[in-house]
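J.: can you look at this prediction? I've put the sequence above it.
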Amino acid sequence: MNLFMDGNLRSSFTELLARCEPGVLPRFGVEGAEGAPGQPGAPPGLADVPHGTTILALLYRDGVIIAGDRQATEGYQVAHRRIEKVYKADDHSAIAIAGAAGPCLEMAKLYQTELAHYEKLEGVVLSLEGKANKLAQMIRMNLPAAMQGLVVIPIFVGYDLRAGAGKIYKYDVTGGRYEETDFYATGSGGKDARSTLKRIFRPGLDEGEALRAACEALVDAADEDVGTAGPDFVRGIFPTLKVVNREGITDVADARVREICQQVIDAQRRAA
Amino acid sequence: MPLPYYVSPEQMMQDKAEYARKGIAKGRSIIALEYDDGIVLVAENPSASLNKISEIYDQIAFAGAGQYNEFENLRKAGIRYADLKGYAYGREDVTAKSLANAYSQTIGTIFSQEMKPLEVEILVAEVSEAGKPCEMYRIMFDGSIVDERGSAAIGGQAEELKQFLRDKYETALSLAGALQLACRALEAAASQKTKAQNLEVAVLERSRPGRKFRRLPAAELSPLLGTTNGSS
């Protein structure tokens, strides 16, 4: 007998949405069109949608830092200067998303609702492993759109209260999920950010050192990659940084990020 | 062939109402009080995991008295309703009023159309912005809905509790004050002492950013209730 499976709604919000309001469920792929942008069969104009850029995460002594720049690009143009790519997912986890802006924002919103929905229905918070798996399923759901160029690639970080440690998960377009044990960066400037982090990172960084490493990686990525913006002292736009540890998630205030970025740039000027 | 026997609609409704009332009277009661930073909900509940009070949405809480399986289903339906609406529109578009109406419709339809009415009474509470009164809706087993101000009670002893609170309740209580008043009301209605570990308490805190619902664990309750109550 299918006592618990038959016609019963489980605690997933995405499933609920698919059943009750399928029209609201984010689905970005164009039906009938095949092939990535620039190839035969590609839907028109998809290459022009705003794309997100550099996001990164690194472990530090008490947990994990997650960060992202603020620019979205549309072809060779700047689409947005203040876009937010790092989101609090729940009290002990956060998500940063690179890729096509529309699907990214929608996925972040759906993911936040999904976690809160589960928590309210079940009365307990999902395990960190469970949250990471749920995100993998959502990326897999986006695969048809990803094949058409609307790629969404997140980094997921959280503090595992049971294990007492911060964790970083990275993903590929097919929803493949891999755990990183030190740091990771992705997006168009991801490679440059990774090489900076590789140089600086060592286990057991304190919060200040880790924040500085994150800022330095973003500044370097912005230096090399046209799709990534560095700290903008004129307009007062600075990268988003969040600290995730046992106590929860804290946003690093703009004033502090400004100060750290200033130090990084001053150090580079001295070295030049 | 024997004819199905005739029962007048009045009789049928009366029987159903009596059946539902009896079922609800078996369960314990729940109190909701407005205090200076939101709403506090207090239930006598010996179980630590089978909750009577829970979170529906950012600023909305739910409490159910009566049959556990029945109000648990209603609670889940409420969370689904709220999350769907908040996702499709905006977070501030989810209101206690529309949720209470949806509950009232559903419970009312079940009462008039099903053989067995729901043996539940529920409360939907929404904390308001500062300076505005909070909203509390009490929904009865037959779908009737009452808009309460300041204080509300549901469950078997709702009327006694309401009577007690009517005389003693005052506006702008502190959290400790509201909790102590709720305890005194529960004690008066049950004519026995309540223990902190048998209380299920949650608050909707206006000053909390985002999701305003928070459970108060027993360790936090004892000092608020005063030592004599907590240690006994």
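T.: Received the coordinates, thanks. Bear in mind the structure is a predicted one, so any value in this text is a computation, not a measurement.
J.: where does pLDDT dip in chain B?
T.: Scanning chain B with the threshold set as pLDDT under 70 gives B:1, B:227-232.
J.: so what's the gap between stretch A:109-122 and the chain middle?
T.: Centroid separation between stretch A:109-122 and its chain, computed with CA atoms, centre = their mean, to the nearest Å, is 18 Å.
J.: list the contacts of that stretch.
T.: Stretch A:109-122 has contacts (CB atoms under 8 Å, 6 or more residues apart in numbering or on different chains) with A:11-14, A:16-17, A:26, A:87-90, A:93, A:95, A:125-126, A:131, A:134-135, A:138, B:54-56, B:76, B:79-80, B:83, B:86-87, B:211. Placement of C-beta: from N, CA and C, glycine included.
J.: where in the stretch 1-150 of chain A is pLDDT low?
T.: Counting by pLDDT under 70, the ranges of the stretch 1-150 of chain A that qualify are A:1-8, A:30-50, A:52.
J.: interface residues of it facing chain B?
T.: Neighbours of chain B within the stretch 1-150 of chain A, by CB under 8 Å from any CB of the partner chain: A:9, A:13, A:16-17, A:20-21, A:24, A:109-110, A:113, A:116-117, A:120-121, A:123.
J.: if any of the residues you listed are buried, give me the PyMOL selection for them.
T.: Of the residues of the stretch 1-150 of chain A next to chain B, the buried ones can be selected in PyMOL as follows, counting by 16 or more other CB atoms under 10 Å in any protein chain shown:
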select buried, chain A and resi 13+16+17+110+113+116+117+120+121
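J.: buried residues of the helix or strand where B:S112 lies, list them for me.
T.: Using DSSP states H and E, B:S112 maps to helix B:96-113. Neighbour counts using 16+ other CB under 10 Å place B:A96, B:L99, B:A100, B:A102, B:Y103, B:S104, B:T106, B:I107, B:G108, B:I110, B:F111 of helix B:96-113 among the buried residues.
J.: run the chain-centre distance for that helix.
T.: 15 Å.
J.: stretch A:203-222 too?
T.: Using CA atoms, centre = their mean, the offset of stretch A:203-222 from its chain centre is 17 Å.
J.: strands along chain B, start to end?
T.: B:30-35, B:38-44, B:53-57, B:60-66, B:120-126, B:135-139, B:145-148, B:151-154, B:199-205, B:213-216 (DSSP state E).
J.: can you map out the helices along chain A?
T.: Assigned by DSSP state H, chain A shows helices spanning A:13-20, A:101-122, A:128-141, A:143-147, A:190-200, A:207-224, A:254-271.
J.: among the ones you listed, which is nearest B:A219?
T.: B:A219 lies closest, by CB to CB, to one member of the helices of chain A: helix A:101-122, at 21.5 Å.
J.: and the closest one, how far out from the chain's middle?
T.: That offset, for helix A:101-122, works out to 13 Å (CA atoms, centre = their mean).
J.: put the alpha carbons of that helix into PDB.
T.: Output of helix A:101-122 as PDB, limited to C-alpha atoms (Å, rounded to 0.1, in the frame of the first residue of the first chain):
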ATOM      1  CA  ALA A 101      20.200  37.100 -13.400                       C
ATOM      2  CA  GLY A 102      16.500  36.300 -13.800                       C
ATOM      3  CA  PRO A 103      16.600  32.600 -13.100                       C
ATOM      4  CA  CYS A 104      19.200  33.200 -10.400                       C
ATOM      5  CA  LEU A 105      17.000  35.600  -8.400                       C
ATOM      6  CA  GLU A 106      14.000  33.300  -8.900                       C
ATOM      7  CA  MET A 107      15.900  30.300  -7.800                       C
ATOM      8  CA  ALA A 108      17.200  32.100  -4.600                       C
ATOM      9  CA  LYS A 109      13.600  33.100  -3.800                       C
ATOM     10  CA  LEU A 110      12.200  29.600  -4.400                       C
ATOM     11  CA  TYR A 111      15.000  28.100  -2.300                       C
ATOM     12  CA  GLN A 112      14.400  30.400   0.600                       C
ATOM     13  CA  THR A 113      10.700  29.600   0.600                       C
ATOM     14  CA  GLU A 114      11.500  25.900   0.200                       C
ATOM     15  CA  LEU A 115      13.600  25.800   3.300                       C
ATOM     16  CA  ALA A 116      11.200  27.800   5.400                       C
ATOM     17  CA  HIS A 117       8.300  25.800   4.200                       C
ATOM     18  CA  TYR A 118       9.900  22.500   5.200                       C
ATOM     19  CA  GLU A 119      10.900  23.900   8.600                       C
ATOM     20  CA  LYS A 120       7.300  25.100   9.300                       C
ATOM     21  CA  LEU A 121       5.600  22.000   8.200                       C
ATOM     22  CA  GLU A 122       7.900  19.500   9.900                       C
END
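J.: so which of the helices of chain A is the most packed in?
T.: Comparing those by mean neighbour count (mean count of other CB atoms under 10 Å in any protein chain shown), helix A:207-224 ranks first with a mean of 22.
J.: quick one: average confidence on that helix?
T.: Averaged across helix A:207-224, the pLDDT comes to 96.
J.: scan chain A for its longest strand.
T.: If you go by DSSP E, chain A has its longest strand at strand A:152-160.
J.: doesn't B:Q163 make contact with B:A188?
T.: No: counting by CB atoms under 8 Å, B:A188 sits too far from B:Q163 to count as a contact (9.4 Å).
J.: residues of the helix of greatest length in chain B that come out buried?
T.: Counting residues, the longest helix in chain B under DSSP H turns out to be helix B:68-88. Across helix B:68-88, burial judged by 16+ other CB under 10 Å covers B:70-72, B:74-76, B:78-87.
J.: pull up the distance across stretch B:49-63, start to finish.
T.: Using CA to CA, to the nearest Å, the end-to-end distance of stretch B:49-63 comes to 14 Å.
J.: does chain A sit close to it?
T.: Yes: judged by CB under 8 Å from any CB, stretch B:49-63 and chain A are in contact via B:S49, B:N51, B:S54, B:E55, B:I56.
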